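Asks: The sequence isn't on hand, but the structure is:
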């Protein structure tokens, strides 16, 4: 089990720009990817219109 993230995990004061990821890389050039955070699984979906949807 992963420990919950603390507020300092999201501290962006030391970052100039946030990390950038290509959605097609995340999905392996498919339509969906599974993303986990604090043992919760989310699904990232690329729609036919080229939009992104993130669901639990």
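Replies: Yep, that arrived. Given the structure is predicted, the values throughout are model-derived calculations rather than measurements. Numbers count the residues shown, from 1 in each chain.
Asks: can you give me the helices for this structure?
Replies: For the chain, the helices defined by DSSP state H occupy 23-26.
Asks: Just give the nearest non-adjacent residue to the residue most central in space within the chain, would you?
Replies: For the chain, the residue lying nearest the average C-alpha position, counting by CA atoms, centre = their mean, turns out to be residue 35 (5.7 Å). Distances taken as CB to CB, 6 or more residues apart in numbering put residue 42 closest to residue 35, at 4.7 Å, once the chain neighbours are dropped. Placement of C-beta: from N, CA and C, glycine included.
Asks: For the one you found, give me the pLDDT.
Replies: Note on residue 42: pLDDT of 98.
Asks: That one contacts residue 34, doesn't it?
Replies: Yes - look at residue 42 against residue 34 with CB atoms under 8 Å: they come within range, at 7.2 Å.
Asks: Strands of this structure, start to end?
Replies: Taking DSSP state E, the strands of the chain run over residues 32-37, 40-46, 52-55.
Asks: re the thing from before, tell me which residues touch the residue nearest to residue 35, please.
Replies: Neighbouring residues of residue 42 by CB atoms under 8 Å, 6 or more residues apart in numbering: 34, 35, 36, 54, 55, 56.
Asks: cool, and residue 37?
Replies: By CB under 8 Å, 6+ apart, residue 37 lies in contact with residue 5.
Asks: picking that back up, nearest to residue 14, of the contacts of residue 42?
Replies: Nearest to residue 14 out of the contacts of residue 42 is residue 35 (CB to CB; 23.5 Å).
Asks: Tell me who's in contact with residue 24.
Replies: Residue 24 is in contact with residue 46, counting by CB under 8 Å, 6+ apart.
Asks: how near is it to residue 37?
Replies: Distance, residue 24 to residue 37, using CB to CB, to the nearest Å: 21 Å.
Asks: Likewise for residue 53?
Replies: Shown here: residue 53 relative to residue 37, a distance of 16 Å by CB to CB.
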